[in-house]
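[1] okay, predicted coordinates and the sequence, questions at the end:
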Amino acid sequence: MGDEGKAAKVPTDQNAQQWSGRVDGSGAQHLRWHQLIAEQESENLSDAVALIGFRSDAGVLRNQGRIGASEGPAALRSALSPMAIHKHRTLVDLGDIVVGGDQLEPGQERLAGAVVQALSSGALPVILGGGHETAYGTGLGLIRHLADDRATRLGILNLDAHFDLRDESRRTSGTPFLDLYQEMQRHDREFHYAVLGISRPGNTAVLFEKAEELGVPYLLDEDCQPEMIWQFVHAFLERIDVLYLTIDLDVLPASVAPGVSAPAGYGVPFERILAVCRQVVASGKLVVADVVELNPRFDIDSRTARSAARLIYEISVG
């Protein structure tokens, strides 16, 4: 693969600043994320968690949202840095893909290439967004990785207040899953997509109709009780072989996640979203994940970043 498929490494001084924090000792029982990532080489990705930053505001801006998500990857690294290691797994940081100005489509292509590379190396890619336009690059990478394996059923589980099935003339943070549907149609793949946490006031009737048309199962935020969530996720996992989990932080209540493009007036309690993460990890089907829409400009006491970091922790090494 050429350089266009690789994440652009962040400068060493910037990387060191993001991966830094308290050091209690050098033994395995003392380790935190920033120590482990500093020690491990990005060349060895087999069974690693491979972090890829996607610094993009382009899709949110096109979608008329509050920009600032391009600062999300740095805030997520800072929130992950002090977390303790209790179960050893290789952690590597592949750096950032930077979307300059309105150059969204080339950036998504570069992200797709980086995801293919990580998956082909045996890693679990975890993408740090960026707006939800991140999802098109993540999903496209998985589709390309499985291009010669049409028998494997690919599923996308979106934890989100919104369907993100808008039909627009160009890609935005509101279109990624319709874009992926169209990509799967071109590859003669079935579209397995489900959404948990949908806000009825946050989605127009047209979007509900589109979800019905495409056969998208969804669970409204007000129906997200523990047993209903477990059954919903279980039923979806039964239909697929490999899972792409995408977490839009606006699925959480605004009190938990104020630092997003569109804060939720209702939202799904944090502990229930955490339970979904544990359920999909336990299934053994999770192959790629992304966490998107963190906007540090509107965060309060790093509340959103810390919540997001805990979810990433559970996906990665929990």
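    Everything's here; your move.
[2] can you map out the helices along the stretch 51-200 of the chain?
    58-62, 72-80, 104-120, 134-145, 176-186 (DSSP state H, counting those that start in this stretch).
[3] alpha carbons of the shortest one, as PDB, please.
    Extracted as PDB, the C-alpha positions of helix 58-62 are listed here (Å, rounded to 0.1, in the frame of the first residue of the first chain):
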ATOM      1  CA  ALA A  58     -15.600  19.200   7.200                       C
ATOM      2  CA  GLY A  59     -18.700  17.000   7.500                       C
ATOM      3  CA  VAL A  60     -20.100  18.800  10.500                       C
ATOM      4  CA  LEU A  61     -19.600  22.200   8.800                       C
ATOM      5  CA  ARG A  62     -21.400  20.900   5.700                       C
END
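[4] what's in contact with that helix?
    With contact meaning Cβ atoms under 8 Å, 6 or more residues apart in numbering, helix 58-62 is reached by 66-67, 69, 99, 101-104, 107, 131-134, 168, 170-176, 261, 293. C-beta: built from backbone N, CA, C; applies to glycine.
[5] narrow those to those that are buried.
    66, 69, 99, 104, 107, 131-134, 171-176, 261, 293 (16 or more other Cβ atoms under 10 Å).
[6] rewinding a little: save the helices of the stretch 51-200 of the chain as TSV, and put in distance to residue 299 too.
    Shown next, in TSV, are those (distance: least, Cβ to Cβ, whole Å):
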stretch	distance to residue 299
helix 58-62	15
helix 72-80	7
helix 104-120	23
helix 134-145	18
helix 176-186	23
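[7] so can I have a markdown table of these showing mean pLDDT and distance to residue 91?
    Shown next, in a markdown table, are those (pLDDT from 0 to 100; distance: least, Cβ to Cβ, whole Å):
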| stretch | mean pLDDT | distance to residue 91 |
| --- | --- | --- |
| helix 58-62 | 93 | 27 |
| helix 72-80 | 97 | 9 |
| helix 104-120 | 97 | 13 |
| helix 134-145 | 98 | 19 |
| helix 176-186 | 97 | 27 |
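[8] now for the ones you listed, which one comes closest to residue 277?
    Closest to residue 277 of these, according to Cβ to Cβ: helix 72-80, at 14.6 Å.
[9] check the secondary structure at the residue most central in space within the chain for me.
    Nearest to the geometric centre of the chain sits residue 290, at 1.3 Å (Cα atoms, centre = their mean). Three-state call for residue 290 (DSSP: H, G, I helix; E, B strand; the rest coil): strand.
[10] I figured residue 239 hits residue 156, correct?
    No - contact criterion Cβ atoms under 8 Å: residue 239 and residue 156 do not qualify, at 11.5 Å.
[11] which of these two has more neighbours?
    Neighbours of residue 239 and residue 156, each counted by other Cβ atoms under 10 Å, are more numerous for residue 156; the result is 26 against 12.
[12] tell me the contacts of that one?
    By Cβ under 8 Å, 6+ apart, the contact list for residue 156 reads 139, 177, 180, 192, 193, 194, 243, 244, 246.
[13] residue 19: which of those is nearest?
    Distance to residue 19 across the contacts of residue 156 (Cβ to Cβ) is lowest for residue 246, with 24.2 Å.
[14] immediately after whatever helix or strand the closest one lives in, which helix or strand?
    Using DSSP states H and E, residue 246 falls within strand 242-248. The helix or strand immediately downstream of strand 242-248 is helix 270-283, counting by DSSP H and E.
[15] tell me what that next one is packed against?
    When contacts are defined as 3 or more Cβ pairs under 8 Å, 6 or more residues apart in numbering; DSSP states H and E, helix 270-283 packs onto strand 154-159, helix 226-238, strand 242-248, helix 303-316.
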